[in-house]
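>>> okay, structure incoming, though there's no sequence with it:
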Ligand code: AQP
């Protein structure tokens with residue numbers, strides 16, 4: 001069976017963007033049952049920018065609770081924490097030696113996150129995509145569900161696999177397919193329709209957190225930036241209206257409807273009327289998840305047990321693939 005891998009960083013609380021762009025798709029792929037699904041809290045990626053240790057621990061457990069609350073079943077999917085499976089770091093080193101500096105320096109995430117002072121960014125932030133390639137390829141995963149912002153990194157993963165196979169004259173690593181699907185592959189900030197909704201945006205009003213209560217969700221949506229026009233009844237009426245498009249996309253993804261179907265129903269409504277309908281739907285879909293997350297967080301030892309079990313399952317797949325990689329490279333692996 002083809003294998004799916006994806007990860008989320010415990011670099012803060014989960015946002016609606018992470019949920020609709022990634023996690024909800026992870027659940028769908030798990031439940032389709034046609035793939036083996038492997039999902040990861042990528043704490044090693046999170047520390048490419050400074051994380052407070054206590055907050056990192058908490059965010060990792062909360063992310064695990066989020067996965068389970070959203071519908072990931074640790075008996076159906078492998079659910080684990082990256083740093084507990086050393087094979088990710090071991091393969092990443094080899095990929096650091098396969099990938100080229102220029103590939104890394106071209107990445108838009110590097111340019112955005114390193115900012116003007118690149119000399120002072122961590123070396124890990126630059127090498128981030130090589131670790132991501134290792135995360136995926138150490139499982140020989142063929143399909144990677146992600147939001148649109150990760151497309152460039154997935155192309156780099158393909159380049160790493162191609163170069164490795166070519167340099168060593170093997171056909172070992174698969175060429176991975178990104179899975180970027182649905183109405184919400186790019187959820188935008190509620191304050192600025194040109195910026196993606198992000199955990200690390202300094203403005204909390206820019207995002208909906210999975211742990212926000214009903215009043216907070218309603219208030220953030222009420223205050224979300226929009227234009228003065230009514231909703232169109234066809235998708236082409238959303239052109240050049242990024243904020244309107246964003247709210248319609250969010251509604252469509254939450255309602256599991258197409259954008260066309262949403263506009264057929266909502267076309268002609270003013271935002272003053274549409275926003276409360278959207279808030280009600282968001283609260284209806286998100287409240288059960290945040291309630292369940294809070295319940296799971298009361299038992300951190302149980303979360304750690306689930307992560308430990310997941311790491312063991314992950315290692316069973318990763319260890320032989322790493323061993324074979326070492327053989328190909330000419331490293332003598334211990335038996
Ligand atoms: N706004 C978004 N819309 C759709 N998908 C999104 N994803 C993130 N934001 C959106 C998808 O969520 C998955 C996990 O992302 P991540 O945690 O690894 O890092 P990120 O993409 O950098 O997410 P954030 O929230 O913006 O975190 P920070 O602020 O720490 O960088 C990915 O599949 C991503 O595409």
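Alright, I've got the coordinates. None of the values given here were measured: they were computed from a predicted structure.
>>> all contacts plus neighbour counts: C-alpha atoms, from now on.
Will do.
>>> buried residues, stretch 89-99. List them.
Residues of stretch 89-99 classed as buried by neighbour count (16 or more other Cα atoms under 10 Å): 89, 91, 92, 94, 95, 96, 98, 99.
>>> with adjacent residues omitted, what lies nearest to the second one?
With Cα to Cα, 6 or more residues apart in numbering as the measure, residue 134 is the residue that lies nearest to residue 91, at 5.5 Å, once sequence neighbours are left out.
>>> mind giving me the packing neighbours of the lengthiest helix in the chain?
Counting residues, the longest helix found in the chain (DSSP state H) is helix 300-329. Applying 3 or more Cα pairs under 8 Å, 6 or more residues apart in numbering; DSSP states H and E, one finds that helix 300-329 makes contact with helix 53-70, strand 78-81, helix 87-98.
>>> ok, now with 10 Å
The contact analysis (3 or more Cα pairs under 10 Å, 6 or more residues apart in numbering; DSSP states H and E) places helix 300-329 against strand 36-41, helix 53-70, strand 78-81, helix 87-98, helix 123-137, helix 151-167, helix 271-297.
>>> what's the fifth one packed up against?
The reference is to helix 123-137. Short answer (3+ Cα pairs under 10 Å, 6+ apart): helix 123-137 packs on strand 3-8, helix 43-46, helix 87-98, helix 101-105, helix 108-114, helix 151-167, helix 300-329.
>>> do the shortest one as well
For strand 78-81, the packing partners by 3+ Cα pairs under 10 Å, 6+ apart come out as strand 3-8, strand 36-41, helix 53-70, helix 300-329.
>>> what residues does that strand touch?
Contacts with strand 78-81, where a contact means Cα atoms under 10 Å, 6 or more residues apart in numbering, come from 5, 7-10, 36-44, 60-61, 63-64, 67-68, 72-74, 304, 306-314.
>>> give me every residue that touches residue 270.
227, 228, 229, 230, 231, 232.
>>> swap in residue 1?
Residue 1 is in contact with 33, 34, 35, 36, 142, counting by Cα under 10 Å, 6+ apart.
>>> equivalent analysis for residue 51, please.
Taking Cα under 10 Å, 6+ apart as the test, what residue 51 contacts is 10, 11, 12, 43, 57.
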